[in-house]
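Colleague: sequence first, predicted coordinates after that:
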Amino acid sequence: MFNFERLDVWQKSVTYAHLVYSLSRNFPADERFGLTNQIRRAATSISSNIAEGSARPPADYIRFLGFAAGSLYETVTQATIARNEGFLPNQDFDQLHSSAEEISRMLSGLSRSIGG
């Protein structure tokens with residue numbers, strides 16, 4: 001097992017990506033190459049940046065955690081657009097938003113613990 005796999009924030013980020021994939025399956029077919037692709041790529045980027053950064057020196061790791069946070073915020077924006085367009089029910093949006101808030105706090109905490 002790699003060290004990053006032991007991190008709660010990495011595990012929650014992988015679960016979050018699964019949730020995004022699951023909920024975006026209900027988006028319209030004509031959004032497959034638009035919003036669906038965009039939100040999925042951003043969601044998978046969160047855990048990927050945590051993993052990649054963990055192999056770097058501390059200053060770079062902190063920078064990669066910032067990239068992960070940026071990708072997380074992208075998913076919140078894209079979920080908001082999906083909700084506003086009627087692709088994502090409010091209950092599903094609330095679930096994504098709540099998970100995103102938790103992951104954001106965890107990313108901040110990890111960054112502070114590294115020295116950021």
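Modeller: Structure received.
Colleague: helix, strand or coil for residue 86?
Modeller: Under DSSP: H, G, I helix; E, B strand; the rest coil, the three-state class of residue 86 is coil.
Colleague: identify the residues contacting it.
Modeller: By CB atoms under 8 Å, 6 or more residues apart in numbering, the contact list for residue 86 is empty. Where you see a C-beta, it was placed from the backbone N, CA and C, and this is true even at glycine.
Colleague: show the average pLDDT along stretch 46-59.
Modeller: Averaged across stretch 46-59, pLDDT comes to 98.
Colleague: kindly export that stretch (C-alpha atoms) in PDB.
Modeller: Taking C-alpha atoms only, stretch 46-59 is exported to PDB below (Å, rounded to 0.1, in the frame of the first residue of the first chain):
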ATOM      1  CA  ILE A  46      -8.700  15.600  -6.800                       C
ATOM      2  CA  SER A  47      -7.400  12.200  -5.600                       C
ATOM      3  CA  SER A  48      -4.800  12.100  -8.500                       C
ATOM      4  CA  ASN A  49      -3.300  15.400  -7.300                       C
ATOM      5  CA  ILE A  50      -3.100  14.200  -3.700                       C
ATOM      6  CA  ALA A  51      -1.400  11.000  -4.900                       C
ATOM      7  CA  GLU A  52       1.000  12.800  -7.200                       C
ATOM      8  CA  GLY A  53       1.900  15.400  -4.700                       C
ATOM      9  CA  SER A  54       2.700  12.800  -2.000                       C
ATOM     10  CA  ALA A  55       5.800  11.800  -4.100                       C
ATOM     11  CA  ARG A  56       7.100  15.300  -4.100                       C
ATOM     12  CA  PRO A  57       9.100  17.500  -1.700                       C
ATOM     13  CA  PRO A  58       6.900  19.200   0.900                       C
ATOM     14  CA  ALA A  59       6.600  22.600  -0.900                       C
END
